[in-house]
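> The following comprises the amino acid sequence and a computationally predicted model.
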Amino acid sequence: MNNDLYENLRLELRRGCLVVAVLAHLKTEHYGYTLRKALEEHGLEIDESTLYPLLRRLESQGLLVSQWREENKRNKRFYRLSPDGEIILKRLLDEWQRINASLDRILQEA
Amino acid sequence: MELLARYLYAFKNYLPKNQQGDIAEEMSDAVQSRVEEKEAQLGRPLTLDEESAILKSFGHPMVAASRYWPRQYLIGPVLFPVYVRVLKIALLVMLAANILIGSLLISDPNPWTAGVHIWGMIWGAALLVFGVVTLAFAIAERVQAKYEFNLDDLDWDPRNLPKSMDNVTVVSRLQSCIELVVNGIAALWLFDVPGVRSGVAHLVFGQGYTEMTSLPFKLGPWWQILLSVLLVAALANAALNVANLIKPEWTRLRFGELVVTNGLIAVACLLALRSQPLVAVGDGVRNAAQYAQTAEVLNWTAFSILLMFAIVCAVSVVVYVRRLVGRKNGTPAPGR
């Protein structure tokens, strides 16, 4: 089996799921490190090199808000969902449920 | 944390200018958090190798910074296939034009050095064509992105799309380009443009060309008639090649034109065969009698060549008439 092919497809599959997972976790405030740890505890490992650019992109799209705060003598950037982010998250979760249900039906028939 | 300072310095250089400070500070916090986590696990400060391994896991600074840039294309996936096609056509036309223009402008009697000059011209023109076409499409891409232009937003009708070219015979643009160059050089040779005849003759006959021009023979009056017909044919073929570069599906025009030009050449050859002698001893040549036998041999050789040429052209006429009768424009020929 072509491992590179599997990895590419796996990354594509994870890409959309990670956006939903990140938005869902940011209902409560996190900074990058704690968010990564929280995702890991729930079985979704993610590199910093993927997570931090994702957070920036979601913020530039208006789905997150952020602020710098000093904690443990270091400046950290804290993120949380914006009002628009909450609306989008709800719609994405509805879509997620719908896709899951369709997939279940397809797999049962197969 | 000297390694971290180096990493951040390199990382910042590749970031968008207006976000360098912000992103670099966040990256610094991310790296230091990982270091602290590892030190807590090991119960001691990290070695240089361990620090280096953590930084390597974030990726090369250039790669790590690239993830913060918005995805952008010089020429995007929608325009790229069009760009490649336009570039190919432009380069082919440039190539043909440079060979023809170079043959006109370069007065070097040695065809090899003239060829080197033309080769140099071609590379310069190719770079210019590449640059202009790429710049035009890059500008189109920027405009499309800026105004969020989408072809699907146009009110397009499937009935207005061009006809399908599947299972249709077309004249390849490369073939048209090569033929254009050959017909162009032939036309220049037949027009007796200075330098072209001697250049081509040097290529074909080498140093022997000089001796040939001083031979005591002359060609009969048929030569001028045949030259004129060949010139008309070369110009007509060149015009056809230009038409087929623009419209490769115009095969009916191609076959029609080839029927006419081959027919004309066949008739001219047959008329020439009737005008004897084809080759004779030159006027005012001393001791003409000693060259008479050679003239007879050359006469017979010229006769054979003209006859074969006439037969080939006549057969070509038949072949192209069959192809012409067997199709309309853009439809496949029977049995092809």
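In hand now; what should we look at?

> Where do the strands of chain B begin and end?
With DSSP state E as the criterion, chain B has strands at B:217-219, B:279-281.

> and if you look at chain A?
With DSSP E as the criterion, chain A has strands spanning A:30-31, A:64-71, A:74-81.

> May I see those organised as CSV, with distance to B:A136 and mean neighbour count added?
C-beta: built from backbone N, CA, C; applies to glycine. Compiled in CSV, the strands of chain A are given as follows (distance: least, Cβ to Cβ, whole Å; neighbours: other Cβ atoms under 10 Å in any protein chain shown):
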stretch, distance to B:A136, mean neighbour count
strand A:30-31, 46, 20
strand A:64-71, 39, 14
strand A:74-81, 42, 18
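
> Among those, which comes closest to B:K163?
Nearest to B:K163, of all the strands of chain A, is strand A:64-71, at 51.6 Å by Cβ to Cβ.

> Can you give the strand pairings for that closest one, parallel or anti for each?
Strand A:64-71 sits in its sheet next to strand A:74-81 (antiparallel), going by DSSP bridges.

> Give the rounded mean pLDDT of the strand it pairs with.
Per-residue pLDDT over strand A:74-81 has a mean of 93.

> Could I get the buried residue list for stretch B:227-234?
B:227, B:229-234 (16 or more other Cβ atoms under 10 Å in any protein chain shown).

> Could you check how far that stretch is from the centre of its chain?
26 Å (Cα atoms, centre = their mean, to the nearest Å).

> and it, what's its mean pLDDT?
88.

> go on, stretch B:68-78?
87.

> residue ranges with poor pLDDT in chain A?
Flagging of chain A using pLDDT under 70 yields the residue ranges A:1.

> let's see 90
A:1-4, A:7-8, A:10-16, A:45, A:47, A:49, A:71-75, A:110 (pLDDT under 90).

> Show me which residues of it are close to chain B?
A:31-33, A:47-50, A:52-53, A:56, A:68, A:74-77 (Cβ under 8 Å from any Cβ of the partner chain).

> wait, isn't B:L91 in contact with B:A125?
No. With contact defined as Cβ atoms under 8 Å, B:L91 does not reach B:A125; the gap is 9.0 Å.

> what's the neighbour count on residue 101?
In the absence of a named chain, chain A is used. For A:A101, the neighbour count with other Cβ atoms under 10 Å in any protein chain shown is 10.

> actually chain B
Neighbours of B:I101 using other Cβ under 10 Å come to 14.

> circling back: format the strands of chain B as JSON lines; extra columns: distance to B:D29 and mean neighbour count.
Listed next are these as JSON lines, based on distance: least, Cβ to Cβ, whole Å; neighbours: other Cβ under 10 Å:
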{"stretch": "strand B:217-219", "distance to B:D29": "92", "mean neighbour count": "16"}
{"stretch": "strand B:279-281", "distance to B:D29": "95", "mean neighbour count": "20"}
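
> Quick one: closest of the ones you listed to chain A.
strand B:217-219 (70.1 Å; Cβ to the nearest Cβ).

> For the residue nearest in space to the middle of chain B, which non-adjacent residue is closest in space?
Centroid-nearest residue in chain B: B:L92, 2.3 Å away (criterion: Cα atoms, centre = their mean). Distances taken as Cβ to Cβ, 6 or more residues apart in numbering or on different chains place B:C177 nearest to B:L92, at 4.2 Å, with adjacent residues excluded.

> Same question for B:L264.
B:V229 (5.4 Å).

> Contacts only, for that neighbour.
For B:V229, the contact set (Cβ atoms under 8 Å, 6 or more residues apart in numbering or on different chains) comprises B:264-265, B:268.

> Can I get the strands of chain B in TSV including mean pLDDT?
Output for these, formatted as TSV (pLDDT from 0 to 100):
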stretch	mean pLDDT
strand B:217-219	74
strand B:279-281	76
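
> is it possible to export those strands to JSON lines including distance to chain A?
Putting the strands of chain B into JSON lines (distance: least, Cβ to the nearest Cβ, whole Å) gives the following:
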{"stretch": "strand B:217-219", "distance to chain A": "70"}
{"stretch": "strand B:279-281", "distance to chain A": "71"}
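
> JSON lines please, covering the ones you listed and showing distance to B:Y14.
Shown next, in JSON lines, are the strands of chain B (distance: least, Cβ to Cβ, whole Å):
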{"stretch": "strand B:217-219", "distance to B:Y14": "73"}
{"stretch": "strand B:279-281", "distance to B:Y14": "76"}
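
> quick one, which of these is nearest to B:N241?
strand B:217-219 (29.2 Å).

> Quick one: list the elements packing against that closest one.
strand B:279-281, helix B:288-325 (3 or more Cβ pairs under 8 Å, 6 or more residues apart in numbering or on different chains; DSSP states H and E).

> Parallel or antiparallel, which strands does the shortest one pair with?
Okay, so that is strand B:279-281. Partners of strand B:279-281 in the sheet, by DSSP bridges, are strand B:217-219 (antiparallel).

> what's the spacing between the nearest residue to B:P248 once chain neighbours are set aside and B:K12?
Among residues not flanking B:P248 along the chain, B:V170 sits closest, at 4.1 Å (Cβ to Cβ, 6+ apart). From B:V170 across to B:K12, the span is 54 Å (Cβ to Cβ, to the nearest Å).

> Please point out which parts of stretch A:88-107 sit buried.
Quick answer for stretch A:88-107 (16+ other Cβ under 10 Å): A:88-89, A:92.

> what about B:T113, how many neighbours?
11.

> For B:E25, find the nearest of the helices and strands packed on strand B:217-219.
helix B:288-325 (73.8 Å).

> and chain B, which residues reach chain A?
B:19, B:22-23, B:25-27, B:29-30, B:32-34, B:57-59, B:63-64, B:67-68.

> ChimeraX command for the buried members of those?
Remark: buried members of these, expressed as a ChimeraX selection using 16+ other Cβ under 10 Å:
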select /B:23,25,26,27,29,30,32,33,34,58,59,64,68
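
> quick one: the residue of chain B most remote from its centre from chain A, how far?
Distance from the C-alpha centroid of chain B peaks at B:G43, with 68.2 Å (Cα atoms, centre = their mean). Between B:G43 and chain A the computed distance is 19 Å (Cβ to the nearest Cβ, to the nearest Å).

> Quick check: which ranges of the stretch 1-150 of chain B have low pLDDT?
For the stretch 1-150 of chain B (pLDDT under 90), the answer is B:1-3, B:16-19, B:69-73, B:76-79, B:88-124, B:142-150.

> So what's the residue count around the residue of the stretch 101-250 of chain B found nearest chain A?
Going by Cβ to the nearest Cβ, chain A is nearest to B:E148 of the stretch 101-250 of chain B, at 15.5 Å. By other Cβ under 10 Å, 7 other residues sit near B:E148.

> Also B:W119?
12.

> what's the distance between the residue nearest to B:P248 and A:E40?
59 Å.

> And B:A310, by the same measure?
87 Å.

> on that earlier part again, which residues touch the residue nearest to the centre of chain B?
B:173-174, B:177, B:245.

> Farthest pair within these?
B:L174 and B:L245 (10.0 Å).

> Mind checking which of these two has more residues around it?
Set side by side, B:L174 and B:L245 show more neighbours around B:L245, with 20 against 11, by other Cβ under 10 Å.
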